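[1] Predicted model follows, preceded by the sequence.
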Amino acid sequence: MESLAWMSEKRNGKVLCKACHQRCLLKEGEYGKCGVRVNKDGELLLTVYAKVASYNIDPVEKKPLYHFLPGTYTLSIGTVGCNFSCLFCQNWEISQYPQTHNYKTFGEDLSPEEIVRMAKTYKTPSISYTYNEPVIFFEFAFDIMKMAYSEGIKNIFVTSGYETEEVIDASLPYLSAMNVDLKSFSDKFYREVCGARLKSVLKTIEYAYKKGIWMEITTLLIPGLNDSPEEIRDIARFIKSISENIPWHISRFFPAYRMTHIPPTPINKLIRAYEIGKEEGLSYVYIGNYPLEDLESTFCPSCGYKVIERSGYLGERVKMHLKDGKCPSCGKVIDGVFGSS
């Protein structure tokens, strides 16, 4: 296997982890913020290599990805641990497990070969690294991605966007798509609610897009925390500054983990956010976690024709009307990765 020795660096008896922008500098026996990387005998050790805490066959729309092989299924896998500590995490039982259980881990023993074989058995055209943060188990994901790529299977990161440039560079050409959670446009929110920083996420989005990885962005609207019209507009403008053709998923919040006291996002807030995205010139804006067919479907940015119909809670029921990736009404190319492209 290709060496990933660059992912760590020895510094005065400590080990610097270069996987994510936390860049933890670890003393002997010390674990990183993610809970699964440890300095053991002066070397960086990943404690969840080939330990899969959760896997499933999902509609790719669940990631959510609406412009990447729509209507197909993806093999989803994840481990325990996370480099964020979001107070609203939907998967906190696995993401925060090592940090709350003295750095213990759990998971089914599945090698990269077995995972790729599983994708081939179920005939999924992609593998998604999801449920927790994929960059924290990058060595494991990397070995899977290379094998999958050689078999014509595409790779997807569902991520909080804390990958370093070194990780993104190493991922090419194996990584085809990313859905990045842009959780807020406030550094204060990132520091106090997520244990991270906004600037690093913005840099990752810009860099990965520049490198040619298909990009979609998700924002979970949390009442009273990141749902002001001003902040929503700031996010839309940032996305537009990179490309108006990056799909933006605006998702409904439900109480979870340490935010069970906050009610679900009002529907009118979701609709207003959708309108703001459109006002700011984004071509593809979607509502998630609430079944509104016209706000889940894809419309041609040129003529308004409904080129992809979606229905269902996740938009997982798909009817394609594209012709060779183009609008059948006006011929405009619709941005995305469709069919065998």
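    Sure, I can see it.
[2] what pairs with residue 128 across the strands?
    residue 76, residue 156 (DSSP bridges).
[3] heads up, I number from 54, so please use that
    Happy to do that; since the first residue is 54 now, the last one works out to residue 181.
[4] pretty sure it is touching residue 125, no?
    No - the criterion here is Cβ atoms under 8 Å, and residue 181 misses it with residue 125 at 11.1 Å. Every C-beta, even on glycine, is put in place using the N, C-alpha and C of the backbone.
[5] Skip the chain neighbours and tell me the closest residue to residue 275.
    residue 306 (4.7 Å; Cβ to Cβ, 6 or more residues apart in numbering).
[6] swap that for residue 338, please
    Per Cβ to Cβ, 6+ apart, closest to residue 338 is residue 330, 3.8 Å.
[7] thinking again about what came up before, of residue 181 and residue 125, give the one with the bigger neighbour count.
    residue 181 (27 against 17; other Cβ atoms under 10 Å).
[8] so what's the more buried one up against?
    For residue 181, the contact set (Cβ atoms under 8 Å, 6 or more residues apart in numbering) comprises 111, 113, 116, 127-130, 208-211.
[9] Buried ones only from these, please, as a PyMOL command.
    For anyone working in PyMOL, the buried entries among these, judged by 16 or more other Cβ atoms under 10 Å, can be selected with:
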select buried, resi 111+113+116+127+128+129+130+208+209+210+211
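[10] Output the contacts of residue 181 in JSON lines; the columns should cover distance to residue 247.
    Shown next, in JSON lines, are these (distance: Cβ to Cβ, whole Å):
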{"residue": "111", "distance to residue 247": "24"}
{"residue": "113", "distance to residue 247": "25"}
{"residue": "116", "distance to residue 247": "20"}
{"residue": "127", "distance to residue 247": "25"}
{"residue": "128", "distance to residue 247": "27"}
{"residue": "129", "distance to residue 247": "22"}
{"residue": "130", "distance to residue 247": "23"}
{"residue": "208", "distance to residue 247": "25"}
{"residue": "209", "distance to residue 247": "22"}
{"residue": "210", "distance to residue 247": "18"}
{"residue": "211", "distance to residue 247": "16"}
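[11] if I look at residue 181 and residue 125, which residues touch both of them?
    residue 113.
[12] re earlier: give me the number of residues near the residue nearest to residue 338?
    24.
[13] Against residue 270, how distant is it?
    According to Cβ to Cβ, to the nearest Å, residue 330 and residue 270 sit 10 Å apart.
[14] just to revisit the earlier point, for the residue nearest to residue 275, give me the pLDDT.
    Note on residue 306: pLDDT of 97.
[15] quick revisit: now the residue nearest to residue 338: how far from residue 186?
    Taken as Cβ to Cβ, the span from residue 330 to residue 186 is 25 Å.
[16] Could you do residue 274 as well?
    For residue 274 relative to residue 186 (Cβ to Cβ), the value is 21 Å.
[17] more neighbours, the two?
    More crowded of residue 274 and residue 186, by other Cβ under 10 Å: residue 186, with 29 against 24.
[18] show me the residues around that one that make contact.
    Contacts of residue 186 by Cβ under 8 Å, 6+ apart are 73, 87, 134-137, 148, 212-213, 215.
[19] repeat for residue 312
    140-141, 275.
[20] Next step: the contacts of residue 186 restricted to strands.
    residue 212 (DSSP state E).
[21] Could you chop the protein up by domain?
    Annotated domains of the chain cover 58-99, 104-349 [automatic domain parsing].
[22] right, so of the ones you listed, which gets closest to residue 391?
    domain 104-349 (7.0 Å; Cβ to Cβ).
[23] Now do the closest one: distance to the chain's middle.
    2 Å (Cα atoms, centre = their mean, to the nearest Å).
[24] Centroid-nearest residue for the chain?
    For the chain, residue 211 is the residue whose C-alpha lies nearest the centre (Cα atoms, centre = their mean; 2.1 Å).
[25] So that one is in contact with residue 180, correct?
    No - the criterion here is Cβ under 8 Å, and residue 211 misses it with residue 180 at 11.2 Å.
[26] Now render the contacts of residue 181 as a markdown table, adding pLDDT and distance to residue 324.
    Compiled in a markdown table, those are given as follows (pLDDT from 0 to 100; distance: Cβ to Cβ, whole Å):
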| residue | pLDDT | distance to residue 324 |
| --- | --- | --- |
| 111 | 97 | 26 |
| 113 | 98 | 25 |
| 116 | 97 | 23 |
| 127 | 98 | 29 |
| 128 | 98 | 34 |
| 129 | 98 | 29 |
| 130 | 98 | 34 |
| 208 | 98 | 34 |
| 209 | 98 | 28 |
| 210 | 98 | 29 |
| 211 | 98 | 25 |
